[in-house]
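Peer 1: Sequence and computational prediction follow.
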Amino acid sequence: MRYGALVAALLLGACAKPREDPTVSRGALKGAPAAASSSGDGSERPQPRGAATVRTDQGTYSAPAMRFIADFLEEPAVPLLRVALSAQSEDGGTWRFRMAVDEKFVKSKHATARLSPQAALGPGLAVVDSQQGTGPSMAMDEGTLELTVTGNQARGEVRTKDGRVHATFEGPLTVECTVPPAWLGKANAPAPAPAPVPSSPNDGTVRVPDEALVTPQCRSMADAFR
């Protein structure tokens with residue numbers, strides 16, 4: 001498969017099918033109900049309440065942390081990067097964002113994205129959706145998301161098309177990283193059982209979590225957000 005097509009397919013799958021946290025991520029909402037695909041995107045479970053806080057017109061939400069996620073391809077060794085947050089309120093409501101970033105973000109620690117109601121993301125795009133009680137999940141279809149990271153703390157805001165602040169968020173940022181299984185072997189680390197990750201149907205790409213950050217690629221990502 002040509003490299004450009006592979007990256008596009010992985011971006012589509014990675015953003016449309018976010019991982020659920022093992023224990024542990026767009027105002028009035030002016031979008032249509034967010035589509036709940038068979039991949040499970042619409043039913044992603046929010047993280048337990050914690051130190052990351054979201055404040056909106058509809059209420060306050062929280063989660064343990066925001067997540068910086070790096071998925072590495074093998075050849076070439078290009079990372080697919082995104083930041084995500086899935087928070088919940090005391091009454092069971094949810095508020096989420098997913099933002100694709102590029103390698104410049106690792107150095108600048110700042111990014112601004114245009115909101116899109118679509119699950120397929122590329123750098124410069126983000127998805128923001130929320131759900132009140134048992135109602136439908138609603139995605140913002142216009143506006144911007146701005147994110148700044150200092151050390152391992154992230155903060156940002158979501159604005160509607162007319163510039164009004166829809167939500168502000170802040171809290172700790174954790175780093176998650178997946179790599180081809182062979183990379184863990186080269187780093188002399190015990191490789192966990194490979195689990196399939198989003199890829200094109202004919203590609204067969206497999207990546208595994210580098211939870212100990214033993215690979216140079218994952219370690220450099222973690223070092224950037226300490």
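Peer 2: Now that the structure is in, tell me what you want to look at. Numbers count the residues shown, from 1 in each chain.

Peer 1: pLDDT wise, what is residue 201 at?
Peer 2: On the pLDDT scale, residue 201 is placed at 41.

Peer 1: quick one: strands adjacent to the longest strand anywhere in the chain?
Peer 2: Counting by DSSP state E, the longest strand found in the chain is strand 165-179. Strand pairing for strand 165-179, using DSSP bridges, gives strand 52-56 (antiparallel), strand 66-72 (parallel), strand 153-159 (antiparallel), strand 206-209 (antiparallel).

Peer 1: Name the residues of it that are buried.
Peer 2: Neighbour-count burial for strand 165-179, with 16 or more other CB atoms under 10 Å as criterion, is recorded at 166-167, 169-179. C-beta: built from backbone N, CA, C; applies to glycine.

Peer 1: Turn those residues into JSON lines, including pLDDT and distance to residue 137.
Peer 2: Shown next, in JSON lines, are the buried residues of strand 165-179 (pLDDT from 0 to 100; distance: CB to CB, whole Å):
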{"residue": "166", "pLDDT": "93", "distance to residue 137": "16"}
{"residue": "167", "pLDDT": "97", "distance to residue 137": "15"}
{"residue": "169", "pLDDT": "98", "distance to residue 137": "18"}
{"residue": "170", "pLDDT": "97", "distance to residue 137": "23"}
{"residue": "171", "pLDDT": "97", "distance to residue 137": "22"}
{"residue": "172", "pLDDT": "97", "distance to residue 137": "25"}
{"residue": "173", "pLDDT": "97", "distance to residue 137": "24"}
{"residue": "174", "pLDDT": "97", "distance to residue 137": "24"}
{"residue": "175", "pLDDT": "97", "distance to residue 137": "27"}
{"residue": "176", "pLDDT": "96", "distance to residue 137": "23"}
{"residue": "177", "pLDDT": "96", "distance to residue 137": "28"}
{"residue": "178", "pLDDT": "95", "distance to residue 137": "26"}
{"residue": "179", "pLDDT": "93", "distance to residue 137": "32"}
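
Peer 1: hang on, the earlier thing: what about dumping the CA coordinates of the longest strand of the chain to PDB?
Peer 2: Extracted in PDB, the C-alpha atoms of strand 165-179 (Å, rounded to 0.1, in the frame of the first residue of the first chain):
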ATOM      1  CA  VAL A 165     -16.200  30.700  24.600                       C
ATOM      2  CA  HIS A 166     -18.100  27.400  24.700                       C
ATOM      3  CA  ALA A 167     -15.800  25.500  27.100                       C
ATOM      4  CA  THR A 168     -12.500  25.800  29.000                       C
ATOM      5  CA  PHE A 169     -10.400  22.800  30.100                       C
ATOM      6  CA  GLU A 170      -7.300  22.200  32.100                       C
ATOM      7  CA  GLY A 171      -5.400  19.400  33.900                       C
ATOM      8  CA  PRO A 172      -2.600  16.900  33.700                       C
ATOM      9  CA  LEU A 173      -1.500  15.400  30.400                       C
ATOM     10  CA  THR A 174      -0.400  11.700  30.200                       C
ATOM     11  CA  VAL A 175       1.500  10.100  27.300                       C
ATOM     12  CA  GLU A 176       0.500   6.900  25.600                       C
ATOM     13  CA  CYS A 177       2.600   5.300  22.900                       C
ATOM     14  CA  THR A 178       2.300   2.300  20.600                       C
ATOM     15  CA  VAL A 179       5.000   0.800  18.300                       C
END
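
Peer 1: Below-threshold pLDDT in this structure: ranges please.
Peer 2: For the chain, the stretches with pLDDT under 70 are 1-49, 77, 188-205.

Peer 1: Fine, thanks again, bye for now.
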